[in-house]
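Engineer: Got a predicted structure here, sequence first:
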Amino acid sequence: MVLRGCGSALLAAGNTELGIGFVGVAIAFGLTVGIMAYAISHFSGCRLNPAVSIGLWIGGRFDLKELLPYIISQVLGGIAGTGILS
């Protein structure tokens, strides 16, 4: 999400001749979330954001014993996606 969404935003801001604009950036983010939902929803429910997991737990749709491993995985996945550790 960071690579595709934020990358398209940087391209749109840095190159006015590229022509993707706000709509192109929105489409890039939307396609990224859609692809991730299709790819990982069968085993994780596609909870990509710790805030969503916490909200589901507060709403009673998520078990407390699964919450911490999900949050750790989501944070580590976000860090890995940025490429900071490479």
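Structural biologist: Looks like it arrived, so ask away.

Engineer: How about the contacts made by the residue lying closest to residue 47 once chain neighbours are set aside?
Structural biologist: Take residue 47 and drop its neighbours on the chain: the residue closest to it by C-beta to C-beta, 6 or more residues apart in numbering is residue 53, 5.0 Å away. Yep, even glycine has a C-beta here, placed from its N, CA and C like the rest. Each residue near residue 53 by C-beta atoms under 8 Å, 6 or more residues apart in numbering is listed here: 47, 62, 67, 70-71, 74.

Engineer: And residue 42, by the same measure?
Structural biologist: Contacts for residue 42 (C-beta under 8 Å, 6+ apart) come out as none.

Engineer: So for the helix or strand harbouring it, mean pLDDT?
Structural biologist: The secondary structure element spanning residue 42 is helix 21-44 (assigned by DSSP states H and E). Helix 21-44 comes out with an average pLDDT of 81.

Engineer: Can you give me the buried ones in the helix or strand following it?
Structural biologist: Of the helices and strands lying after helix 21-44 in sequence (DSSP H and E), the nearest is helix 50-58. The neighbour-count check on helix 50-58 (16 or more other C-beta atoms under 10 Å) flags 50, 53, 56-57 as buried.

Engineer: Which other helices and strands does whichever helix or strand comes after helix 50-58 contact?
Structural biologist: Tracing the chain C-terminally past helix 50-58 and defining elements by DSSP H and E, one meets helix 64-82 next. Counting contacts by 3 or more C-beta pairs under 8 Å, 6 or more residues apart in numbering; DSSP states H and E, helix 64-82 is packed against helix 50-58.

Engineer: re the thing from before, show me just the buried residues among the contacts of residue 53.
Structural biologist: Once neighbours are counted (16+ other C-beta under 10 Å), the buried part of those comes down to 47, 62, 70-71, 74.

Engineer: which one of these is nearest residue 4?
Structural biologist: When the buried ones among the contacts of residue 53 are compared for distance to residue 4 (C-beta to C-beta), residue 74 wins out at 17.4 Å.
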